[in-house]
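Student: give me coordinates for this.
(chains A and B)
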2 protein chains.
Amino acid sequence: MTHKQVLIIGAGFAGLNAAKRLRDLDDISITIIDRENHHLFQPLLYQVAMAALSPADIAVPIRSLFASAQNIRVVKAEATSVDLAARKVVTDAGDFPYDYLLLACGARHAYFGHEEWEAYAPGLKTLPQATEIRRRVLEAFEAAEKETDFERRRRHLTFVVVGGGPTGVELAGAIGEMSRFTLAQDFRHIDPRQTRVILVEAGPRILPSFDEKLAARAMRDLESLGVQTWTGGAVTDITSDGVTIGTEHIAACTVLWAAGVRASEIGRTLPGVTLDRSGRVEVDDHLNIPQHAEVFVAGDMSRSVDANGKQLPGVALVAMQQGIYFAETLRADLRGKARKPFRYHDLGQMATIGRSRAITEFGRLRLTGLFAWWFWLIVHIYRLSGFRNRLSVLIQWAWSYWTFGRGARLIVGKEWRAYGAEGKV
Amino acid sequence: MTHKQVLIIGAGFAGLNAAKRLRDLDDISITIIDRENHHLFQPLLYQVAMAALSPADIAVPIRSLFASAQNIRVVKAEATSVDLAARKVVTDAGDFPYDYLLLACGARHAYFGHEEWEAYAPGLKTLPQATEIRRRVLEAFEAAEKETDFERRRRHLTFVVVGGGPTGVELAGAIGEMSRFTLAQDFRHIDPRQTRVILVEAGPRILPSFDEKLAARAMRDLESLGVQTWTGGAVTDITSDGVTIGTEHIAACTVLWAAGVRASEIGRTLPGVTLDRSGRVEVDDHLNIPQHAEVFVAGDMSRSVDANGKQLPGVALVAMQQGIYFAETLRADLRGKARKPFRYHDLGQMATIGRSRAITEFGRLRLTGLFAWWFWLIVHIYRLSGFRNRLSVLIQWAWSYWTFGRGARLIVGKEWRAYGAEGKV
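Tutor: Okay, here's the model as predicted:
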């Protein structure tokens, strides 16, 4: 019963909140493994893609969060599989044994078997993807400015966002607003207000997880920013020419993907578990997998249900509460107390549309418009990890709000070499 | 004599300052061409490389600087050659005619004929290079943390900076300081204070353009940050193993290049001009090339001398004054006044060493230590273009200063794709 090894795979909202609530325990050793060196505040990733924030504003080095916690070690490595029998996780930096394991590796975007679409329609799950999307959107306006042919210019100014969930709505709204306000003065040959932004959703309406009235309001708000919503038609092809939806074709140079996610592949290496269609690991009401009370799966890579049997959404609030639950369960074990089942406290959901509108749902409370947007702003800034980020984000938002400017409007190429030499690194 | 076409190639310090001082003239049309969409504040680029600032803090979109100037058009394009006879510049977005031409395309780093070294020793001239250097330095510490073999760990913790000019000194000082203070607490298995930073300079001393006493002081300041200075030995080879200097070899995983620059290739397309060893275009005391009073070459791609015949250094202050000179000469022409020759007002030079030390030279005024550093801080923040950048940089510096933290300590990969599919874009 001495010095338990606690292994946390993934420093997202679940892993981070678990570690934070275990940092005061001297009789356990915690190892956090992540393939990145930073925790990413994913709910604001679209703001990086839309040039309103810099990558460093929404990311914080994992090491610096736990610098003073002597029982926590951080290892930058990629976990590849779990050996349940030997109680160890295999990574590219060696094997790590555990007494308790929290698996929280998240999800990436997915193309439903059409991975070839990725080249034309990047998804938005990582910082390199966000800066790639920023580059494409800004390059499209630059190309339109130089183009003299009407059809080709129109193609440069047509943006298609696939997927009508919160991410798709936020991306489409931000492009619409950026072209109408931020960029409107800057160009001489194009009127960025001629931009077409089309939000494509296969289902009958956008924001299906929200109340129907709120979703309708969001659609009207999007319209006022110049975003057209096409519902009820699934994308059948994406090429460099644009998007095909059944018999219709939209000629567009820039297509963004916000339609599907797939859970981390490490879930497949767990013998005896059930995976759902998106690769999520089904867990019981203690977040455990069958037969293994020492293995917990949380966040976007787990599939759990609430008291009514409704599946919990893949949002930060669920992951945070699951991380905290892991820490509390471990503490109960150490004190010899009985474990309690996980219960999700639904704090509602929000989606923001452009600069000053949002919709929020908190139980029976439904907010729209400017008030919802302020609410959203305060909640997000409050939740950002690390004081510096909060302050910096607040200043940049205030600045954007007053000036309609976008501070991080940079097109940064991918190539760092000045010479073409093909050295091996 | 109607509506002169003014063409500015390059939106660095020369081009930007020229355009700023011509924005009020209604009877000329100005076109600014740059291959990037942003102006880069290059003197602070090493701060991005050293994770103290974000790319957006030191870059500002060119369009937004001139949004309200109706006589200025900005085109994102790459200029490839100048046709002096036809008075036009050829770019990848078509030809641009001119009555007045300001060529100010800057310089890139150069390897004296060893371009194959670039793969192992990146230079520091662009934002992608700065983030690449940041990635390598931070990855080296992460790799050392995982490494168990003593020799290999030592190699991960050895950093070589080639070139003892201001950039090399600033990079070496920043690595030394980052390892001693910022990262010292964050690692469990390595002591980042064991880091070796070696500054290699082929000449007899570092900072050759500075007063000898100041340079000696800078060397002592570097030593106190753990930076060793090796002078009098030229690098003979760089591989993935490290750096060779004659018969000596330094085993190092991370090598940074700050040793040489080469002027923009467009200078070679000018018939009848003289280029120096670094490819700079020799100009007369009106910044003109022979026979062409309508063509001006400024900034890092030009070679001009002061009243004493001493070559002007490749620094921002020279480029700024040359840009202003171009604007004033054009105004004199329009008013039918005689042109005056260009005279450089030497406002001195500065180099900063780590967090709170610098050396500055202003005529006979020589400052060192903390006071020089504050002076440097104020001058740089004052010169930053755009209010938002100034504010953001100031806050981040204040934050770094108080906490020893580095806000932008992100390792961001280059790969935005989740899937390996090789689609064509």
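
Student: need the three-state assignment for A:Ala52.
Tutor: coil (DSSP: H, G, I helix; E, B strand; the rest coil).

Student: kindly list the main-chain dihedrals of it?
Tutor: Main-chain torsions, A:Ala52, degrees, to the nearest 10: phi -90, psi -30.

Student: what's the burial count for it?
Tutor: 26 (other C-beta atoms under 10 Å in any protein chain shown). C-beta here means a position set from N, CA and C on the backbone, and glycine is covered the same way.

Student: ok, it to A:Pro61 distance?
Tutor: According to C-beta to C-beta, to the nearest Å, A:Ala52 and A:Pro61 sit 22 Å apart.

Student: was I right to think A:Met178 contacts A:Tyr46?
Tutor: No - the criterion here is C-beta atoms under 8 Å, and A:Met178 misses it with A:Tyr46 at 11.7 Å.

Student: what is in contact with these two at once?
Tutor: By C-beta atoms under 8 Å, 6 or more residues apart in numbering or on different chains, A:Met178 and A:Tyr46 have no common neighbours.

Student: tell me, how many neighbours does A:His345 end up with?
Tutor: 8.

Student: can you tell me the SS state at the closest residue in space to it that isn't next to it in sequence?
Tutor: Closest residue in space to A:His345, ignoring its immediate chain neighbours: A:Gln321 at 6.5 Å, by C-beta to C-beta, 6 or more residues apart in numbering or on different chains. Assigned with three-state DSSP, A:Gln321 falls in the helix class.

Student: tell me, how many residues neighbour A:Gln321?
Tutor: Using other C-beta under 10 Å, A:Gln321 has 21 neighbouring residues.

Student: just A:Lys4 next, same as before
Tutor: The number of residues packed near A:Lys4 is 17, by other C-beta under 10 Å.

Student: tell me the bridge partners for it.
Tutor: Here A:Lys4 sits in beta bridges with A:Ile28, as judged by DSSP bridges.

Student: still on that earlier bit, per-residue confidence for the residue nearest to A:His345?
Tutor: Note on A:Gln321: pLDDT of 93.

Student: try the one 4 residues further on
Tutor: Residue-level confidence at A:Tyr325 comes out at 97, pLDDT.

Student: surely it meets A:Pro341?
Tutor: No - A:Tyr325 sits out of contact with A:Pro341 when judged by C-beta under 8 Å, with a separation of 9.1 Å.

Student: looking at the stretch 51-200 of chain A, which residue is nearest chain B?
Tutor: Closest approach between the stretch 51-200 of chain A and chain B, counting by C-beta to the nearest C-beta: A:Ala119, at 2.5 Å.

Student: how many neighbouring residues does the residue nearest to A:Thr329 when sequence neighbours are not counted have?
Tutor: By the measure of C-beta to C-beta, 6+ apart, the closest residue to A:Thr329 outside its immediate chain neighbours is A:Arg339, 5.3 Å from it. Neighbourhood size, A:Arg339 [other C-beta under 10 Å]: 14.

Student: and if you look at A:Lys337?
Tutor: 10.

Student: I'd assumed A:Leu102 was in contact with A:Gly12.
Tutor: No - A:Gly12 is beyond contact range of A:Leu102, at 10.8 Å (criterion: C-beta under 8 Å).

Student: downstream of the strand or helix carrying A:Glu132, the next helix or strand is which one?
Tutor: Element membership for A:Glu132 (DSSP states H and E) is helix A:127-146. Per DSSP H and E, helix A:127-146 leads on to helix A:150-156 as the next helix or strand towards the C-terminus.

Student: ok, residues contacting that following helix?
Tutor: By C-beta under 8 Å, 6+ apart, helix A:150-156 touches A:140-141, A:143-144, A:147, A:190, A:194, A:196, A:242, A:251-253.

Student: pretty sure A:Ser64 contacts B:Ala184?
Tutor: No - using C-beta under 8 Å, A:Ser64 is not in contact with B:Ala184; the gap is 11.5 Å.

Student: residues in the stretch 201-350 of chain A within reach of chain B, list them.
Tutor: For the stretch 201-350 of chain A, the residues in contact with chain B (C-beta under 8 Å from any C-beta of the partner chain) are A:Ser240.

Student: what about the helices in the stretch 201-350 of chain A?
Tutor: Applying DSSP state H, counting those that start in this stretch to the stretch 201-350 of chain A gives helices spanning A:212-224, A:316-334.

Student: so which of the ones you listed is nearest B:Val74?
Tutor: helix A:212-224 (29.3 Å; C-beta to C-beta).

Student: ok now the closest one, how far from the chain's centre?
Tutor: Remark: helix A:212-224 is offset 22 Å from the chain centroid, using C-alpha atoms, centre = their mean, to the nearest Å.

Student: give the other helices and strands that that helix contacts.
Tutor: Helices and strands touching helix A:212-224, by 3 or more C-beta pairs under 8 Å, 6 or more residues apart in numbering or on different chains; DSSP states H and E, are helix A:166-177, strand A:227-231, strand A:349-353, strand A:357-362, strand A:365-368.

Student: just name the most buried of these.
Tutor: Of the helices and strands packed on helix A:212-224, the one with the most neighbours on average (mean count of other C-beta atoms under 10 Å in any protein chain shown) is helix A:166-177, at a mean of 27.

Student: what mean pLDDT does that helix have?
Tutor: The predicted model assigns helix A:166-177 a mean pLDDT of 92.
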